[in-house]
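In: Pasting the sequence and the predicted coordinates here, then a few questions.
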Amino acid sequence: MSDHRRLVHQTCVYGSDDEFLSMALPFIGNGLAADDPVLAATTAANIELLRGALGARAGRIDYIDSMAFGRRPPERLTAVDRYWRRHAPRTGGRVRIIAEPIWRGRSRREVTAWTCLESTLNVLFGGRDMQVVCPYDSRVVPEPIIEDAQRTHPEILVGARTMASGEFVHPTVFTAKDPEPESLLVPANPMGGRFDAIDLAGVRDEAMSYARRLYVPGARARDLVFAVNEVTTNVILHGAGYGNVWFWTEEDELICEVADDTLHAPLAPFEGSPPPLDQRGRGLWLVRQLCDRVHMASSNGRTVVRMHMLLRS
């Protein structure tokens, strides 16, 4: 992939059907003129608006309801990657996506997970020739969430006009507040403890046991087990061969932390980007596809990976 390719990640705040169409129609039209694949992942009402406004061109783009394009942040991450992979062989990687998050009914921690995703996308997909615009409906989206959108998107669309976001914060800085102000302190009396290579099966059992105790659905519980196994195995293979794993809950989140005090190769905060088209991704990319938030930090020879899984579907 050549160096000039990059993600264009934009937000659009709209307060009426006309304002939505004034952004979406030029965005889609430019994509069709360039023969780029275009996906509109938005509300059912907005999809009907687009079909009516596009007329004969309506069948030339893809549509999906926002909830079907990922109810949870890792599902949205996977969906964006999957759409790109489906079309990249024909276009060389160019795709356009309208990707509207759904904010209604979200808990505080769900909002944090989604805003973290919006920020992290800038790095994880930074080298891809994609244009993604994330619309925010000011009629239903709370003002603090809209303010964060200007911090997590480098550019703002107003109709067909593009401008730099003066409030944009680089993901390294934006996600530094994640996790909460208590930093990386583990609460008192968590489940877990020290592990080494012979304990990996026991760690997987412990992860499943903790998930079942919280009545996490079977598929989500298995996601947790797979994610914990990837991170603890990484410690065994690339660290000194031992570490600590802890499980606890905060509000509507299950949290697992894996710490290694002797990792020889510190992890970058955004380790685990999706692999190139001709490669299969495992490891930390898989972890990002399974967990609602993933926080990585390395300092003074200690590396911590903290995985958050929302208990609400």
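Out: The structure has been received and is ready for your questions.

In: all helices for the stretch 151-300 of the chain, in order.
Out: Secondary structure of the stretch 151-300 of the chain, counting by DSSP state H, counting those that start in this stretch: helices at 171-174, 200-213, 218-238, 283-290.

In: Now the ones you listed in CSV, please, with extra columns for mean pLDDT.
Out: Below are these laid out as CSV (pLDDT from 0 to 100):
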stretch, mean pLDDT
helix 171-174, 89
helix 200-213, 96
helix 218-238, 93
helix 283-290, 92
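
In: Mean neighbour count, those helices: which tops it?
Out: Comparing these by mean neighbour count (mean count of other C-beta atoms under 10 Å), helix 283-290 comes out on top with a mean of 21. Where C-beta positions appear, they are placed from N, C-alpha and C, glycine not excepted.

In: could I get that one in CSV with only the CA atoms?
Out: Extracted in CSV, the C-alpha atoms of helix 283-290 (Å, rounded to 0.1, in the frame of the first residue of the first chain):
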residue,chain,number,x,y,z
GLY,A,283,-3.3,-11.7,18.5
LEU,A,284,-4.1,-8.2,19.6
TRP,A,285,-6.2,-7.5,16.5
LEU,A,286,-8.5,-10.4,17.6
VAL,A,287,-8.6,-9.0,21.1
ARG,A,288,-9.8,-5.6,19.7
GLN,A,289,-12.5,-7.4,17.8
LEU,A,290,-13.8,-9.1,20.9
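
In: Quick check: most distant residue from the centroid of the protein.
Out: Outermost residue of the chain with respect to the C-alpha centroid, by C-alpha atoms, centre = their mean, is residue 56; its distance is 34.1 Å.

In: if we can go back for a sec, would a markdown table of the helices of the stretch 151-300 of the chain with distance to residue 310 be doable?
Out: A markdown table is the format used below for the helices of the stretch 151-300 of the chain (distance: least, C-beta to C-beta, whole Å):
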| stretch | distance to residue 310 |
| --- | --- |
| helix 171-174 | 20 |
| helix 200-213 | 12 |
| helix 218-238 | 9 |
| helix 283-290 | 12 |
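
In: who are the neighbours in contact with the residue lying closest to residue 248 once chain neighbours are set aside?
Out: Of all residues not flanking residue 248 in the chain, residue 190 sits nearest, at 4.2 Å (C-beta to C-beta, 6 or more residues apart in numbering). Residue 190 sits next to 246, 247, 248 when contact means C-beta atoms under 8 Å, 6 or more residues apart in numbering.

In: before we move on, what about residue 187?
Out: Residue 187 neighbours (C-beta under 8 Å, 6+ apart): 248, 250.
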